[in-house]
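*Asks:* Sequence plus the predicted model coming up.
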Amino acid sequence: MRITLLALFFLVGLTTASRADTIFQVTEQGKQSVVQRDAIVISEDSSFVVYKHFELRDRRVEIVRLNQGSLPYTVQKANPQQRLQIVEVWKRFGFKAAVTDVAGKTTRVFDLYLDFYPPGGRGSLLESIPATTAFSILMDNGIGDDVDMAKIKIVQVQGDHVKMTLRDDKMQEGKFLMPTSQPAEVRLLGITDQYDPSSDRVFDFSLPLTRIKEIDLD
(Lines give C-alpha, C1' and ligand atoms only; values in the text may rest on other atoms or scores of the structure.)
Protein backbone atom coordinates (compact mmCIF):
# COMPACT_ATOMS: atom_id res chain seq x y z
CA MET A 1 0.00 0.00 0.00
CA ARG A 2 2.85 2.38 0.79
CA ILE A 3 4.39 1.64 -2.61
CA THR A 4 1.08 2.48 -4.29
CA LEU A 5 0.83 5.79 -2.44
CA LEU A 6 4.40 6.75 -3.38
CA ALA A 7 3.62 5.90 -7.00
CA LEU A 8 0.62 8.24 -6.90
CA PHE A 9 2.79 10.97 -5.42
CA PHE A 10 5.17 10.53 -8.36
CA LEU A 11 2.35 10.85 -10.87
CA VAL A 12 1.32 14.24 -9.54
CA GLY A 13 4.87 15.56 -9.73
CA LEU A 14 5.96 15.20 -6.13
CA THR A 15 9.71 15.74 -5.91
CA THR A 16 12.21 14.76 -3.27
CA ALA A 17 12.39 18.38 -2.17
CA SER A 18 8.72 18.37 -1.22
CA ARG A 19 8.90 15.36 1.09
CA ALA A 20 8.05 15.99 4.70
CA ASP A 21 9.33 14.13 7.77
CA THR A 22 10.79 10.63 7.38
CA ILE A 23 10.83 8.06 10.20
CA PHE A 24 13.64 5.49 10.32
CA GLN A 25 14.42 2.46 12.44
CA VAL A 26 17.64 0.49 12.72
CA THR A 27 16.91 -3.22 12.33
CA GLU A 28 18.40 -6.02 14.44
CA GLN A 29 20.89 -6.49 11.61
CA GLY A 30 22.06 -2.90 12.06
CA LYS A 31 20.55 -1.61 8.82
CA GLN A 32 18.55 1.60 8.63
CA SER A 33 15.00 0.99 7.41
CA VAL A 34 12.43 3.59 6.35
CA VAL A 35 9.25 3.18 8.39
CA GLN A 36 7.29 6.11 6.93
CA ARG A 37 7.95 8.86 4.41
CA ASP A 38 5.85 11.95 3.71
CA ALA A 39 4.74 12.25 7.33
CA ILE A 40 4.53 15.10 9.82
CA VAL A 41 5.81 14.24 13.28
CA ILE A 42 3.65 15.67 16.05
CA SER A 43 5.84 14.70 18.98
CA GLU A 44 8.74 12.43 19.90
CA ASP A 45 10.46 11.44 23.13
CA SER A 46 12.11 8.40 24.69
CA SER A 47 8.77 6.58 24.84
CA PHE A 48 6.88 7.36 21.62
CA VAL A 49 7.03 8.88 18.16
CA VAL A 50 3.64 10.27 17.13
CA TYR A 51 3.08 11.32 13.52
CA LYS A 52 0.32 11.93 11.00
CA HIS A 53 0.24 10.84 7.37
CA PHE A 54 -2.20 10.19 4.56
CA GLU A 55 -3.47 6.60 4.61
CA LEU A 56 -4.47 5.69 1.06
CA ARG A 57 -6.52 2.68 2.14
CA ASP A 58 -8.83 4.86 4.26
CA ARG A 59 -8.59 7.97 2.03
CA ARG A 60 -7.88 10.25 4.98
CA VAL A 61 -5.14 11.66 7.23
CA GLU A 62 -4.45 9.50 10.29
CA ILE A 63 -2.31 9.58 13.42
CA VAL A 64 0.16 6.78 14.20
CA ARG A 65 1.85 6.20 17.56
CA LEU A 66 5.09 4.20 17.54
CA ASN A 67 6.35 2.72 20.78
CA GLN A 68 10.08 3.30 21.34
CA GLY A 69 11.22 -0.21 22.25
CA SER A 70 14.58 -1.94 22.00
CA LEU A 71 14.91 -0.71 18.40
CA PRO A 72 14.20 3.03 18.69
CA TYR A 73 13.08 5.27 15.87
CA THR A 74 14.83 8.33 14.48
CA VAL A 75 13.26 11.22 12.58
CA GLN A 76 14.57 13.29 9.70
CA LYS A 77 12.48 16.45 9.89
CA ALA A 78 11.48 18.65 7.01
CA ASN A 79 11.33 22.42 6.99
CA PRO A 80 8.00 24.30 7.33
CA GLN A 81 7.68 24.83 3.57
CA GLN A 82 8.07 21.11 2.88
CA ARG A 83 5.40 20.37 5.49
CA LEU A 84 3.03 22.79 3.77
CA GLN A 85 3.72 21.08 0.47
CA ILE A 86 2.97 17.61 1.81
CA VAL A 87 -0.37 18.80 3.21
CA GLU A 88 -1.23 20.04 -0.30
CA VAL A 89 -0.46 16.54 -1.59
CA TRP A 90 -2.67 14.97 1.09
CA LYS A 91 -5.51 17.26 0.01
CA ARG A 92 -5.36 15.87 -3.54
CA PHE A 93 -6.08 12.28 -2.58
CA GLY A 94 -8.86 12.55 -0.01
CA PHE A 95 -12.52 13.31 -0.66
CA LYS A 96 -13.21 16.99 -1.39
CA ALA A 97 -16.43 18.95 -1.11
CA ALA A 98 -18.14 22.29 -0.66
CA VAL A 99 -19.96 21.99 2.68
CA THR A 100 -22.89 24.31 3.37
CA ASP A 101 -24.16 24.60 6.93
CA VAL A 102 -27.74 25.37 8.04
CA ALA A 103 -26.86 29.08 8.33
CA GLY A 104 -25.88 29.16 4.64
CA LYS A 105 -22.09 29.37 5.08
CA THR A 106 -20.13 27.30 2.55
CA THR A 107 -16.63 25.96 3.32
CA ARG A 108 -14.25 24.18 1.00
CA VAL A 109 -13.13 21.00 2.81
CA PHE A 110 -10.56 18.35 1.89
CA ASP A 111 -9.88 14.81 3.15
CA LEU A 112 -13.47 14.41 4.36
CA TYR A 113 -14.54 11.69 6.75
CA LEU A 114 -17.16 11.00 9.41
CA ASP A 115 -16.35 10.33 13.07
CA PHE A 116 -18.36 9.86 16.23
CA TYR A 117 -18.43 11.79 19.50
CA PRO A 118 -20.51 11.95 22.68
CA PRO A 119 -23.72 13.93 21.98
CA GLY A 120 -23.73 17.70 22.30
CA GLY A 121 -20.01 18.06 21.69
CA ARG A 122 -19.09 16.84 25.15
CA GLY A 123 -15.85 14.89 25.50
CA SER A 124 -13.45 13.42 22.97
CA LEU A 125 -14.20 11.12 20.07
CA LEU A 126 -15.56 7.62 20.62
CA GLU A 127 -12.45 5.61 19.73
CA SER A 128 -14.38 2.34 19.96
CA ILE A 129 -16.31 3.37 16.83
CA PRO A 130 -14.08 3.62 13.74
CA ALA A 131 -14.13 6.67 11.53
CA THR A 132 -15.57 6.17 8.07
CA THR A 133 -15.84 7.65 4.58
CA ALA A 134 -19.26 6.09 3.99
CA PHE A 135 -22.80 7.18 4.80
CA SER A 136 -24.80 4.42 6.48
CA ILE A 137 -28.53 4.87 5.97
CA LEU A 138 -31.69 3.03 6.95
CA MET A 139 -34.09 3.32 4.05
CA ASP A 140 -37.88 3.50 4.35
CA ASN A 141 -38.18 -0.16 3.33
CA GLY A 142 -36.13 -1.15 6.38
CA ILE A 143 -32.98 -2.05 4.45
CA GLY A 144 -29.65 -0.59 5.58
CA ASP A 145 -26.92 0.39 3.15
CA ASP A 146 -23.38 1.79 3.34
CA VAL A 147 -22.72 4.30 0.54
CA ASP A 148 -19.08 5.24 0.05
CA MET A 149 -18.26 8.88 -0.64
CA ALA A 150 -16.67 7.81 -3.92
CA LYS A 151 -20.18 7.00 -5.22
CA ILE A 152 -21.83 10.21 -4.00
CA LYS A 153 -22.26 13.52 -5.82
CA ILE A 154 -24.50 15.46 -3.41
CA VAL A 155 -25.71 14.85 0.15
CA GLN A 156 -28.66 16.86 1.44
CA VAL A 157 -29.27 16.74 5.18
CA GLN A 158 -32.36 17.43 7.26
CA GLY A 159 -31.66 16.51 10.86
CA ASP A 160 -30.85 12.81 10.87
CA HIS A 161 -32.37 12.28 7.40
CA VAL A 162 -30.06 12.26 4.37
CA LYS A 163 -30.86 12.34 0.67
CA MET A 164 -28.04 11.40 -1.68
CA THR A 165 -27.61 11.98 -5.39
CA LEU A 166 -25.17 9.35 -6.63
CA ARG A 167 -22.66 9.77 -9.44
CA ASP A 168 -24.82 7.56 -11.67
CA ASP A 169 -27.68 10.03 -10.97
CA LYS A 170 -29.63 7.51 -8.90
CA MET A 171 -31.10 8.68 -5.59
CA GLN A 172 -30.89 7.13 -2.15
CA GLU A 173 -32.35 8.47 1.05
CA GLY A 174 -33.19 7.48 4.58
CA LYS A 175 -32.27 7.99 8.21
CA PHE A 176 -28.57 8.15 9.04
CA LEU A 177 -27.79 4.82 10.67
CA MET A 178 -25.60 5.19 13.76
CA PRO A 179 -23.06 2.38 14.35
CA THR A 180 -23.91 2.18 18.06
CA SER A 181 -27.00 2.01 20.25
CA GLN A 182 -25.32 4.34 22.76
CA PRO A 183 -25.88 8.12 22.57
CA ALA A 184 -23.51 9.55 19.98
CA GLU A 185 -23.10 12.42 17.53
CA VAL A 186 -21.75 12.03 14.01
CA ARG A 187 -19.53 14.84 12.73
CA LEU A 188 -18.08 15.66 9.36
CA LEU A 189 -14.36 16.36 9.66
CA GLY A 190 -11.69 17.52 7.25
CA ILE A 191 -8.96 19.98 6.31
CA THR A 192 -9.45 23.52 5.03
CA ASP A 193 -7.02 25.89 3.32
CA GLN A 194 -6.23 27.33 6.78
CA TYR A 195 -5.03 24.00 8.19
CA ASP A 196 -1.83 24.28 10.24
CA PRO A 197 0.63 21.46 9.38
CA SER A 198 2.00 21.56 12.94
CA SER A 199 -1.43 20.85 14.45
CA ASP A 200 -1.76 17.77 16.66
CA ARG A 201 -5.09 17.06 14.94
CA VAL A 202 -5.79 15.69 11.47
CA PHE A 203 -8.59 18.19 10.82
CA ASP A 204 -9.48 21.84 11.35
CA PHE A 205 -13.07 21.54 10.13
CA SER A 206 -15.60 19.85 12.42
CA LEU A 207 -19.37 20.11 12.17
CA PRO A 208 -22.17 17.83 13.44
CA LEU A 209 -24.07 16.28 10.55
CA THR A 210 -27.30 17.75 11.93
CA ARG A 211 -25.89 21.27 11.39
CA ILE A 212 -25.09 20.63 7.73
CA LYS A 213 -27.49 21.47 4.90
CA GLU A 214 -25.62 20.15 1.88
CA ILE A 215 -22.36 18.45 0.89
CA ASP A 216 -21.33 18.83 -2.76
CA LEU A 217 -18.52 16.36 -3.47
CA ASP A 218 -16.07 16.85 -6.32
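*Replies:* All right, it came through fine. Numbers count the residues shown, from 1 in each chain.

*Asks:* Output the contacting helices and strands for the helix or strand residue 116 falls within.
*Replies:* Here residue 116, judged by DSSP states H and E, is contained in strand 106-117. Counting contacts by 3 or more C-beta pairs under 8 Å, 6 or more residues apart in numbering; DSSP states H and E, strand 106-117 is packed against strand 60-67, helix 80-93, strand 97-101, strand 185-191. Using the backbone N, CA and C atoms, a C-beta is placed for each residue, glycine as well.

*Asks:* Tell me which of those lies nearest to residue 141.
*Replies:* strand 185-191 (22.3 Å; C-beta to C-beta).

*Asks:* List the contacts of the helix or strand following that closest one.
*Replies:* Using DSSP H and E, the helix or strand that directly follows strand 185-191 along the chain is strand 205-208. Under the criterion C-beta atoms under 8 Å, 6 or more residues apart in numbering, residues 99, 101, 107, 109, 121, 185-192 lie in contact with strand 205-208.

*Asks:* if we go to 7 Å?
*Replies:* 101, 107, 109, 185, 187, 188, 189, 190, 191, 192 (C-beta atoms under 7 Å, 6 or more residues apart in numbering).

*Asks:* you'd agree the first one is up against residue 214?
*Replies:* What it means is residue 101. No - assessed by C-beta atoms under 7 Å, residue 101 is found out of contact with residue 214, at 9.0 Å.

*Asks:* Does residue 46 lie in a helix or a strand, and which?
*Replies:* Using DSSP H and E, no helix or strand contains residue 46.

*Asks:* Next, it: phi, psi?
*Replies:* Main-chain torsions, residue 46, degrees, to the nearest 10: phi -70, psi -10.

*Asks:* Isn't it up against residue 68?
*Replies:* Yes - here residue 46 lies in contact with residue 68, judged by C-beta under 7 Å, at a distance of 6.0 Å.

*Asks:* returning to what we had before: and among the helices and strands packed on strand 106-117, the most buried is which?
*Replies:* strand 185-191 (a mean of 23; mean count of other C-beta atoms under 10 Å).

*Asks:* Any figure for the gap between residue 107 and residue 193?
*Replies:* According to C-beta to C-beta, to the nearest Å, residue 107 stands 9 Å off from residue 193.

*Asks:* same deal with residue 131?
*Replies:* Taking C-beta to C-beta, one finds residue 131 at 22 Å from residue 193.
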